[in-house]
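Enquirer: any chance you can model this:
(one chain, ligands or ions: 2)
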Amino acid sequence: MNSDVKGVLLVKRIQPGTDGSLEELEELSHSAGYEVLGEVTQVRTPDKAFAVGRGKAEEIAALVQELKPEKVVFDEKLNAVQIYNLSKLCRVEVIDRFNLILEIFASRARTREAKLQVELASLIYERPKARMKVTLAKRGEQPGFKGLGRYQADIYESEITGRIAKIEAELDVIRKRQHETRKQRKEKGFDLVALAGYTNAGKSTLMNALVGETVVAKDQLFTTLVPTTRSLQIGQRKTLLTDTVGFIKNLPHFMVEAFRSTLEEIYLADVIILVVDVSEPPEALVDKLVTCHDTMWDEIGPVPVITALNKSDLITEEELEERKQAIVHLAPHPVVISARTGEGLDELKQKIGKYLPKWTSSEVVLPRTVEGLSMLSQLYDEAIVHHVDYSDSTIKVNLEARESVLRRLGKRLDSPAINP
Ligand SMILES: Nc1nc2c(ncn2[C@@H]2O[C@H](COP(=O)(O)OP(=O)(O)OP(=O)(O)O)[C@@H](O)[C@H]2O)c(=O)[nH]1
Ligand SMILES: [Mg+2]
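Expert: Ligands and ions are numbered 1, 2, ... in the order given. Just a heads-up that it's a prediction; the model follows:
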């Protein structure tokens, strides 16, 4: 084993009747920079609360002795007592899937916003355990009892609550500013297009392929943590394309909430491109699409969704057909693409154009003054100008624009600008 790479032992929860190959704890561990030294599986009993039996706990402890991992990672959410007992028995740090996701987020967070979001999510996750943690700490020695995150036992629940309130207030300020920026962009005639989808589906690669710029794209989960926006010309329309944080299965609601400002880019878009990795087996594909729908469906309203079936370069025609059949009810307006080879990108752009909000055609009459000419130049930026007629005192412009642009123009001209 490479001495720089830390090892983990996984305790995977698997659905009865499956081999657990669809579970992504391994992938998450790699993305967090760990080497997987071994796995213990535990069949999930749907209606029962999660418990680790004595036999299972001893099996894990024996493997810890043998493999000497840095941490034991449970697929299941653990409470403070379970973490305490397990870490005492195994003499090693015990964490669960959410701690692992938080570790990944924490290691990727670069901006103030991302860092605050990660801290908020981990505080909300740790708060219910704080009380128990203090009780357990008072019992004295706690071998390897580090699984509750970096907050030590002397930080009480109320301090955590105070910190949460502080972060929320700061995030609120950031959000308001972002909201204002988005509103201004819309008013300037830009349409907002968001890339959404499961983590590692290829959103950032697609963004790069569409706008020819370099957003970091890697074969790991949660490469993108804060949205990046670039302009993208669709026919004559200017749009802003935003790359967003990926979705993942079983993300607790508090975590989705902590990343709300990031997800807002999706919720406020005019068109959503839902990117899926179509090279995955049909069951995984269905599973991931269901997660995407669960995460965003209630929030997005009647916004058109185009499904980009990405990574088609990795599969045969027959495999593609099989997958298309499997997801027919989950993938609105599908387009087969490969962000890597560029296949299907023209068709995707055409589809985006088709689903952009309709603009209004209008004829406006501007005064032939310095101000009128400045309005005309602004219209070239914010609208599609079809025809301009100059007379001695007026400029007649035939154009298409977002209604808000026409309304604003009407106000400046002191007369309605909308004459369809
Ligand atoms: N073969 C192939 N690989 C692709 C394609 N698109 C993306 N990939 C690869 O898939 C991996 C993930 O791509 P990203 O663009 O980082 O995915 P993402 O959806 O932005 O991921 P997160 O930001 O982590 O949520 C990278 O290794 C890409 O090179 C494609 O069309 N074909
Ligand atoms: Mg990305």
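
Enquirer: how about the strands in the stretch 301-420 of the chain?
Expert: Using DSSP state E, counting those that start in this stretch, the strands of the stretch 301-420 of the chain run over 305-310, 334-336, 360-367, 384-390, 394-401.

Enquirer: which bits of the protein sit near ligand 2?
Expert: Contact residues (C-beta under 5 Å from the ion) of the chain with ligand 2: 203-204, 223-224. Yep, even glycine has a C-beta here, placed from its N, CA and C like the rest.

Enquirer: widest-spaced pair of those?
Expert: Lys203 and Thr223 (9.1 Å; C-beta to C-beta).

Enquirer: quick one: which of the two has more around it?
Expert: The neighbour comparison of Lys203 against Thr223 (other C-beta atoms under 10 Å) goes to Lys203, with 29 against 21.

Enquirer: which ones are touching the nearest residue to the more buried one once chain neighbours are set aside?
Expert: Spatial nearest neighbour of Lys203, excluding adjacent residues (C-beta to C-beta, 6 or more residues apart in numbering): Leu195 at 4.4 Å. By C-beta atoms under 8 Å, 6 or more residues apart in numbering, Leu195 lies in contact with 203, 206-207, 241-244, 273, 275.

Enquirer: repeat that for Leu63.
Expert: By C-beta under 8 Å, 6+ apart, the residues touching Leu63 are 9, 38, 40.

Enquirer: check which helix or strand the residue nearest to Lys203 maps to.
Expert: Here Leu195, judged by DSSP states H and E, is contained in strand 191-197.

Enquirer: ok, now Val134?
Expert: helix 112-138.

Enquirer: the helix or strand following that helix: how far from the chain's middle?
Expert: Downstream of helix 112-138, the first helix or strand assigned by DSSP H and E is helix 157-187. With C-alpha atoms, centre = their mean, to the nearest Å as the basis, helix 157-187 stands 18 Å off its chain's centre.

Enquirer: do stretch 301-315 as well
Expert: Stretch 301-315 sits 15 Å away from the centroid of its parent chain (C-alpha atoms, centre = their mean).

Enquirer: same question, stretch 397-408
Expert: Its chain's C-alpha centre and that of stretch 397-408 lie 33 Å apart, by C-alpha atoms, centre = their mean.

Enquirer: quick one: mean pLDDT for it?
Expert: What stretch 397-408 shows for mean pLDDT is 88.

Enquirer: next, the buried residues of it.
Expert: Within stretch 397-408, the residues that count as buried by 16 or more other C-beta atoms under 10 Å are 397, 399-402, 405-408.

Enquirer: circling back: got the contacts of Leu195 as CSV, with distance to ligand 1 columns?
Expert: Formatted as CSV, the contacts of Leu195 follow (distance: C-beta to the nearest ligand atom, whole Å):
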residue, distance to ligand 1
Lys203, 4
Leu206, 7
Met207, 8
Leu241, 13
Thr242, 12
Asp243, 7
Thr244, 8
Ile273, 11
Val275, 6
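
Enquirer: pick out the residue nearest the middle of the protein.
Expert: Val245 (2.5 Å; C-alpha atoms, centre = their mean).

Enquirer: tell me the contacts of that one?
Expert: Val245 makes contact with 199, 222, 224-227, 259, 262-263 under the criterion C-beta under 8 Å, 6+ apart.

Enquirer: how close does Glu363 sit to ligand 1?
Expert: According to C-beta to the nearest ligand atom, to the nearest Å, Glu363 stands 44 Å off from ligand 1.

Enquirer: repeat that for Leu232.
Expert: Distance, Leu232 to ligand 1, by C-beta to the nearest ligand atom: 16 Å.

Enquirer: helix/strand/coil for the residue lying closest to that residue once chain neighbours are set aside?
Expert: Sequence neighbours aside, Leu241 is the residue nearest to Leu232 in space, at 4.2 Å (criterion: C-beta to C-beta, 6+ apart). Look at Leu241: counting by DSSP: H, G, I helix; E, B strand; the rest coil, its state is strand.

Enquirer: please apply the same query to Val72.
Expert: Of the three states, Val72 takes strand under three-state DSSP.

Enquirer: got the contact list for Leu116?
Expert: Taking C-beta under 8 Å, 6+ apart, one finds 167, 170-171, 174 in contact with Leu116.

Enquirer: all helices of the stretch 251-400 of the chain, in order?
Expert: For the stretch 251-400 of the chain, helices defined by DSSP state H, counting those that start in this stretch occupy the ranges 253-258, 260-267, 282-300, 317-326, 345-355, 370-382.

Enquirer: now for the second one, which elements pack on it?
Expert: Read that as helix 260-267. Contact partners of helix 260-267 among helices and strands, from 3 or more C-beta pairs under 8 Å, 6 or more residues apart in numbering; DSSP states H and E: helix 112-138, helix 157-187, strand 191-197, helix 282-300.
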